[in-house]
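> Could you look at this predicted model? Sequence included:
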Amino acid sequence: MARVLAIIWGKWGLAVLACAVALTVCLDLAFPPDIPAPGEGMAVTVVDREGNPLRVFPDARGIWRYPVTPDEVSPLYIEALLAYEDRWFYRHPGVNPLAMGRALADALRHGRIVSGGSTLTMQVARILHPHRRTVFGKIGQMLRALQLERRLTKEEILTLYLNHAPFGGTVEGVQAASLTYLGKPASELTHAEAALLAVLPQAPSRYRPDLHPDRAVAARNKVIGRLVGFGRWEAWQGDEAREEPLAVHPWKPPFRAPLLARRLRRASPGQGVIRTPIDPCLQAGLRDLAANLKGELPSGTSLALLVVENETGLVRGYKGSMDFFDDERFGHVDMVRAVRSPGSTLKPFLYAMALDDGLIHSESLLMDSPLSIGGYTPLNFTRHFAGPVSASEALVRSLNVPAVELLHRVGPVRFDSLLRQAGIHLRYPQGGGPNLSMVLGGVGTTLEELVAGYSAFGRGGRAIYPEGLILADSQETQVLSEGAAWIVRRILETPERKRNRRGRFGMRRSRKLAWKTGTSYGFRDAWAVGVTESHTLGVWVGRPDGTPLPGHYGAVTAVPVLFQVADRLPSAAPRGSSMPESVSRESVCWPLGVLSSDTEPGHCHVKRTAWVLNDTVPPTFGPCQDEVLMAPNPLIVSVNPDTGRGLYGPCLDRWLAEHPQTRHIPTRTIARWPAGALAFLPPWIRDRSRCPDPDLSCLEGEAPLSAPIVIHGARDGAVFKDPLKPGGPLTVELCATGGSGSLHWMIDHTWVSRSRPGAAARITFATPGRHTLTVMDASGQYADLSVVVR
């Protein structure tokens, strides 16, 4: 009978146990624990390359957490935490019966709760599922702990605690607490600091070191004593830890790169920690620089600074505005990414492209004189014309006319395509497209795109795509040949430029810097972009609302800032920038533009030493407008032996028919300068390059293509004087006839007016003294007078 009852009770017991297990499983499945996914519910922390926060974004409840793994926390803290909170963490299934029994005995002995007996897993369960401090609440906490242990590894449970434990106020997680109270990451904790943070979650409001330092020290020392007592720490380590003063560093939320952090947070949803390649020292230098400049620049002015490392192609410094908190300066607007007119900053790409096309070498003869192409008539920033200049000088001085002529030959569509390959996506006015004004700033782009494109000059022609500047998987594109990039960079780092612009903002270090400026129409944007051996850097200064900033332009406002940014770059071992094999140094002659060795001595009026790419030495350009009808250069002219005048084309045939007895006719070989150059040349060169006047007998019955330009209303040596305003600005009305098309009036080679032949032109002399008044058409014909203004 007893055996039968035992069998019956055994079956009922197994049935009850099975039901209990089944009920537990069902309840477990029906009410699973609320385990947050990695990064879920976390505040977002954007950090620099060393892990220091650049900016933190609390969660919807205002809580700041900085997620870490156990490997990223000091072993001292893990040791202190487990020894103080849960010595058997790695052995129990989530609930420790011995600890619970001890807690119950202590409560009975003292008549109150002395210790909770909660394991670390139970504390995580309470964090995830808060409950009242009741018996039923404790039972629920134990059941939740068992659920967590069944689903997670010990390391995952520990990670949850490290990132969700309360540390007072709006701070949760050991990393956030360590940065908030101690000013350092949790990986650098001392013994005393580890003990402090281990006990702080027990009573965050009571033990907060910034509010209750005495209580915090007492609680810390209690943990230290327990660790020494357990033999985890040596006695001398405990003594030193107790003697260590409580060093609390009040911590303000960082705003070291607020606009970059905001950008990355939006681009990386779900990431608790967003790591950037920002160099903390350089970033601090840029912040200090912006703060210093705030008082020097006009109200409403902002700036943007960007620094990219050439070797890696990653951004190391990012300052999106003058002051993030200054609403008057639109500090919340990220000007690194704002679309603005680039001024002349695109010109280096044009010259590099022309080098790769074999159109120029570094000393090619270009013309800076009145030019009209399809009705487009560019002027220089200063309205001054330089006449004949080298390609290097035209680029360094940022002359507009040579750049427009070069773009006309390269082709605006091809130039736009090259810029796109370099990551510079130009924005055109509505309905517009590639045109000749693009190289002078008639388009829109961003500082980020410019710096990414300019990196090609420091990376052997390989540009980094803008989106890759902040990412580890940045992509590069070969947009220029190594030789063309080297030559342009060499031109732009001419030492004389640094001396001329030095002033009180000059570079203090002997650092080679190639740089280019830009100023948009109406003084709305001032740019400076530079390249060193190690970095590419860009500066923009202006008003975000687009209002003008008179008197502030690239060379005056942006270049000094660029030099100060360069002074803050980290020291780098010289990498060297050896001349590529495709580049050679050659002697060339003007006006023909070819090698000196291939030029007759009489045709070499000016000798220059040029950087040549792929042994290509192209001759000087012919007329931009009518290259098909261009006469050869040098030009061989038959001369009438009686008059010394030239016999051109059919005229020569006619003269020979009229003089059959003449078997030999003298000739002159003339090395011709480009159209418009004669007005700028010294007399001795002008005389050598001027073609003989046509023989009069050959002009009978033929109309000239265009009459010579003649100035009316003044003669050479004329004196202008206003008796009512002696010494002040003087305006006179003059006219000119002849030439073809529009006539351009210049005072000392500075453009002042334009008129049609025969129409009056108002000419204003700003200063007294002797001046040269020149009238020139687009074909290069000119007339000039020397006048005196009193």
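Here it is on my side, so go on. Numbers count the residues shown, from 1 in each chain.
> what pLDDT does the residue lying closest to Arg568 once chain neighbours are set aside get?
Distances taken as Cβ to Cβ, 6 or more residues apart in numbering place Gly285 nearest to Arg568, at 3.7 Å, with adjacent residues excluded. Where C-beta positions appear, they are placed from N, C-alpha and C, glycine not excepted. Listed pLDDT for Gly285 reads 97.
> Name the SS class of Gly285, please.
Under DSSP: H, G, I helix; E, B strand; the rest coil, Gly285 falls in the helix class.
> Go ahead and confirm it touches Ala566.
No. The pair Gly285 / Ala566 is not scored as a contact, 10.8 Å apart, by Cβ atoms under 8 Å.
> If the closest residue to Arg275 other than its chain neighbours is in a bridge, with which residues?
Among residues not flanking Arg275 along the chain, Val47 sits closest, at 5.6 Å (Cβ to Cβ, 6+ apart). Beta-bridge pairing for Val47 (DSSP bridges): Pro53, Arg275.
> Kindly report the same for the one 10 residues further on.
Here Phe57 sits in beta bridges with Val44, as judged by DSSP bridges.
> Could you tell me which residues make contact with it?
Phe57 makes contact with Ala43, Val44, Thr45, Val46, Ala261, Arg265, according to Cβ atoms under 8 Å, 6 or more residues apart in numbering.
> Identify the farthest-apart pair in those residues.
Ala43 and Ala261 (11.9 Å; Cβ to Cβ).
> What's the separation between Val617 and Leu303?
From Val617 across to Leu303, the span is 43 Å (Cβ to Cβ, to the nearest Å).
> With Arg55 instead?
Here the criterion is Cβ to Cβ. By it, Arg55 lies 19 Å from Leu303.
> between these two, who's got more neighbours?
Neighbours per residue (other Cβ atoms under 10 Å) separate Arg55 from Leu303, with Leu303 holding more: 26 against 22.
> residues touching that one, list them.
Contacts for Leu303 (Cβ under 8 Å, 6+ apart) come out as Ala290, Leu293, Leu297, Lys319, Ser321, Met322, Met335, Val539, Trp540, Val541, Gly542, Val561.
> Then it would be within a helix, right?
No. Read with three-state DSSP, Leu303 is strand and lies in no helix.
> Tell me, what's the model's pLDDT at it?
On the pLDDT scale, Leu303 is placed at 98.
> Which residue ranges of the stretch 151-300 of the chain form helices?
For the stretch 151-300 of the chain, applying DSSP state H, counting those that start in this stretch gives helices covering 154-164, 174-177, 191-199, 204-207, 213-229, 235-243, 258-267, 280-294.
> helices or strands next to the fifth one in the packing?
Helix 213-229 is packed against helix 75-85, helix 191-199, helix 204-207, helix 235-243, with contacts defined by 3 or more Cβ pairs under 8 Å, 6 or more residues apart in numbering; DSSP states H and E.
> And for the second one?
In terms of contacts (3+ Cβ pairs under 8 Å, 6+ apart), helix 174-177 is packed against helix 154-164.
> Please apply the same query to the last one.
Using 3+ Cβ pairs under 8 Å, 6+ apart, the elements in contact with helix 280-294 are strand 302-309, strand 315-319, helix 559-567.
> what mean pLDDT would you report for the very next helix or strand once past the longest one?
Which is helix 559-567. Per DSSP states H and E, the first helix or strand lying C-terminal to helix 559-567 is strand 583-590. Mean per-residue pLDDT for strand 583-590: 96.
> if we look at the following helix or strand past strand 583-590, which residues are touching it?
Later in the chain than strand 583-590, the nearest helix or strand by DSSP H and E is strand 606-613. For strand 606-613, the external contacting residues (Cβ under 8 Å, 6+ apart) are 355-356, 358, 361-364, 390, 481, 483-484, 487, 490-491, 582-591, 596, 617, 685.
> and if you look at stretch 421-438?
Residues contacting stretch 421-438 (Cβ under 8 Å, 6+ apart): 339, 346, 349, 373-374, 376, 378, 404, 407-408, 412-413, 415-416, 419-420, 442-445, 449-450, 452-453, 456, 463-466, 477, 479.
> Quick check on the residues you listed: which are buried?
346, 349, 378, 404, 407-408, 412, 415-416, 419, 442-445, 449-450, 452-453, 456, 463-466, 477, 479 (16 or more other Cβ atoms under 10 Å).
> Filter those down to just the ones in strands.
Under the assignment DSSP state E, the buried ones among the contacts of stretch 421-438 contribute Ala463, Ile464, Thr477 to strands.
> Please name the nearest non-neighbouring residue to the second one.
Computed as Cβ to Cβ, 6+ apart, the closest residue to Ile464 that is not its neighbour in sequence is Gly313, at 3.9 Å.
> sec struct for that neighbour, please.
Following three-state DSSP, the label given to Gly313 is coil.
> Look up how far Val174 lies from Val594.
For Val594, the distance to Val174 equals 74 Å [Cβ to Cβ].
> Of the ones in strands among the buried ones among the contacts of stretch 421-438, which is the nearest to Pro708?
Distances from Pro708 to these, taken as Cβ to Cβ, are shortest for Ala463 (50.3 Å).
> Can you tell me who that closest one pairs with across the strands?
Going by DSSP bridges, Ala463 is paired in beta bridges with Thr477.
> Surely it and Ala452 touch.
Yes. The criterion here is Cβ under 8 Å, and Ala463 meets it with Ala452 at 6.1 Å.
> how does the chain divide up, domain by domain?
Annotated domains of the chain cover 1-31, 44-243, 583-613, 631-699, 710-789 [automatic domain parsing].
> I'd like the ones you listed laid out as JSON lines, including distance to Arg524.
Formatted as JSON lines, the domains of the chain follow (distance: least, Cβ to Cβ, whole Å):
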{"stretch": "domain 1-31", "distance to Arg524": "63"}
{"stretch": "domain 44-243", "distance to Arg524": "29"}
{"stretch": "domain 583-613", "distance to Arg524": "35"}
{"stretch": "domain 631-699", "distance to Arg524": "32"}
{"stretch": "domain 710-789", "distance to Arg524": "22"}
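> Out of those domains, which gets nearest to His552?
Per Cβ to Cβ, nearest to His552 of those: domain 710-789, 21.9 Å.
> circling back to that earlier point, pLDDT at the residue nearest to Arg275, what is it?
pLDDT, Val47: 94.
> before we move on, back to that, format the helices and strands packed on helix 280-294 as JSON lines; extra columns: distance to Met776.
Output for the helices and strands packed on helix 280-294, formatted as JSON lines (distance: least, Cβ to Cβ, whole Å):
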{"stretch": "strand 302-309", "distance to Met776": "41"}
{"stretch": "strand 315-319", "distance to Met776": "46"}
{"stretch": "helix 559-567", "distance to Met776": "32"}
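> Out of these, which is closest to Ser74?
Using Cβ to Cβ, the helices and strands packed on helix 280-294 put strand 315-319 closest to Ser74, at 28.4 Å.
> tell me the angle the closest one makes with strand 302-309.
If you take axes from the mean of the first three to the mean of the last three Cα atoms, to 10 degrees, strand 315-319 sits at 170 degrees to strand 302-309.
> distance of Phe255 from Asp279?
Remark: distance between Phe255 and Asp279 (Cβ to Cβ) = 17 Å.
> I'd assumed Leu148 was in a strand, is it?
No. Secondary structure of Leu148 (three-state DSSP): helix, not part of a strand.
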